[in-house]
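>>> Let's see this in three dimensions:
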Amino acid sequence: MKKGWLSLLFILILTGCSTKTSYYFLDWIIEWKVEEYVSLNSQQSRQLEKALDDFLYWHRSNELILYSRQLQHISNQLKQGALTPTLWLKEVNQAKAHGYRAFKTLLPSITPIIASFSDKQVMELLDNIEQNQLDLKAKYIDKSKQEVLNDADDRVQKAFKKWLGSLSQAQKKAIHEFNLQRVLTFPQWQVYRQVWLEQFALALMKRHDQVYLSNRLMTLVTKSDQFKSEQLQKDSTKNVTAFGALLIKVHDLGSVKQKKRFNKKLDELINDLAQMSQNI
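Numbering: from 1, shown residues only. Here you go, the predicted model:
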């Protein structure tokens, strides 16, 4: 699971080469990522391919237009100076709802696949998830606070540069101040992820009961906040809201050239999503 505000940015990540090209290869990308965690047998691979074909047809027919409309709404708010950190939080929650709805649609198709996992596949999956967590922890454990801050500055600057071009010193300062004030939640997230993984493992131990498995997976994905501490939930909300304030500030500090570039790229994405939803 990614942090909340990244759910919304998933739509934007599709522009890595082009929105349409990325989306048309999404089934292959998902299958490839699944195989990184668990080796499927031939029957499971065929089931997954069919599940993804059906899911992506539904997703393209029903969901892409909703992404397009939401991004258009955000674009209008930015242009009118109406977007606020609180409204940004609402947009992020709406993006989460898109993700939950998609998972609910996909779940009936993937539940039988997971239920068919052998004990060896279950152990492989859990081991790979655990290793992923250890690798992530290793990236931070030996770094000083200054190194973590520098990495965060570079990461956020790169994300904004993709949309705006070269950043001004004022924009870089705003990003730095955001990262200075951002609540560092990584230790709390590690605890949450361990609790989540333990619950996921329990669900897999009872995977042959597909009703139970489906219900537990739905809870783990769409109601995961119940596994987070109250402090983590508060800090995460604070960070999402602060990022909204940063987004607004960096936009307001933008030059005419930057805003023209941003609007052009965002309009292209909005139009691409709308067109793909129509060309079934």
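
>>> Can you name the helix or strand that the residue nearest to residue 190 when sequence neighbours are not counted falls in?
Nearest residue to residue 190, sequence neighbours excluded (CB to CB, 6 or more residues apart in numbering): residue 137, at 6.4 Å. (Glycine included, C-beta is placed from N, CA and C.) If you go by DSSP states H and E, residue 137 is part of helix 119-141.

>>> next one: residue 33
Using DSSP H and E, residue 33 sits within helix 26-37.

>>> right, and the helix or strand after that helix?
The element immediately downstream of helix 26-37 (helix or strand, assigned by DSSP H and E) is helix 42-58.

>>> and that next one, how far from the chain's centre?
21 Å (CA atoms, centre = their mean, to the nearest Å).

>>> What residues sit buried inside the following helix or strand past that helix?
Per DSSP H and E, the first helix or strand lying C-terminal to helix 42-58 is helix 64-80. Using 16 or more other CB atoms under 10 Å as the test for burial, helix 64-80 gives 64-68, 70-72, 74-75, 77-78.

>>> what's the answer for stretch 52-62, then?
Residues 52, 55-56, 59-60 are the ones in stretch 52-62 that count as buried (16+ other CB under 10 Å).

>>> ok, now stretch 172-187?
172, 174-176, 178-179, 182, 185.

>>> hmm, who's touching it?
Residues outside stretch 172-187 that contact it (CB atoms under 8 Å, 6 or more residues apart in numbering) are 140, 148-149, 152-153, 156-157, 160, 167, 232, 235-236, 238-239, 242-243, 245-246, 249-250, 253.

>>> swap in stretch 46-57?
26-27, 30-31, 34, 40, 102, 105-106, 109-110, 112-113, 280.

>>> Same question for stretch 195-206.
With CB under 8 Å, 6+ apart, stretch 195-206 has contacts from 1, 114, 117, 122, 125-126, 129-130, 133, 212-213, 216-217, 220, 224, 227.

>>> so how far is residue 226 from residue 197?
Using CB to CB, to the nearest Å, residue 197 is found at 15 Å from residue 226.

>>> which of the two has more neighbours?
Using other CB atoms under 10 Å as the criterion, residue 197 and residue 226 rank with residue 197 on top: 17 against 10.

>>> Which pLDDT value belongs to that one?
Model confidence at residue 197, expressed as pLDDT, equals 95.

>>> in whichever strand or helix holds it, what counts as buried?
Per DSSP H and E: residue 197 is located in helix 186-205. Burial within helix 186-205, assessed by neighbour count using 16+ other CB under 10 Å, is assigned to 188-189, 192-193, 196-197, 199-200, 203-204.

>>> List the contacts of the helix or strand just after that helix.
Heading C-terminal from helix 186-205, the first helix or strand you meet, by DSSP H and E, is helix 210-222. For helix 210-222, contacts defined as CB under 8 Å, 6+ apart pick out 1, 100, 103-104, 107-108, 111-112, 114-115, 196, 199-200, 202-204, 206-207, 226-227.

>>> again, but for stretch 130-146
148, 151, 186, 190, 193-194, 197.

>>> quick one: which of those residues is nearest to residue 270?
Of all those, the one with the least separation from residue 270 (CB to CB) is residue 151, at 31.3 Å.

>>> Give me the phi and psi for that closest one.
phi -60, psi -40 (degrees, to the nearest 10).

>>> Could you do residue 183 as well?
For residue 183, the backbone dihedrals (degrees, to the nearest 10) come out as phi -70, psi 130.

>>> Leaving out the residues flanking it, which one is nearest to it?
Nearest one to residue 183, counting by CB to CB, 6+ apart, is residue 235 at 4.2 Å.

>>> Go ahead and confirm residue 65 touches residue 272.
No. Residue 65 lies out of contact with residue 272 (CB atoms under 8 Å); the separation is 11.6 Å.

>>> give me the low-pLDDT residue ranges for this protein?
For the chain, applying pLDDT under 70 flags the ranges 1-22, 25.
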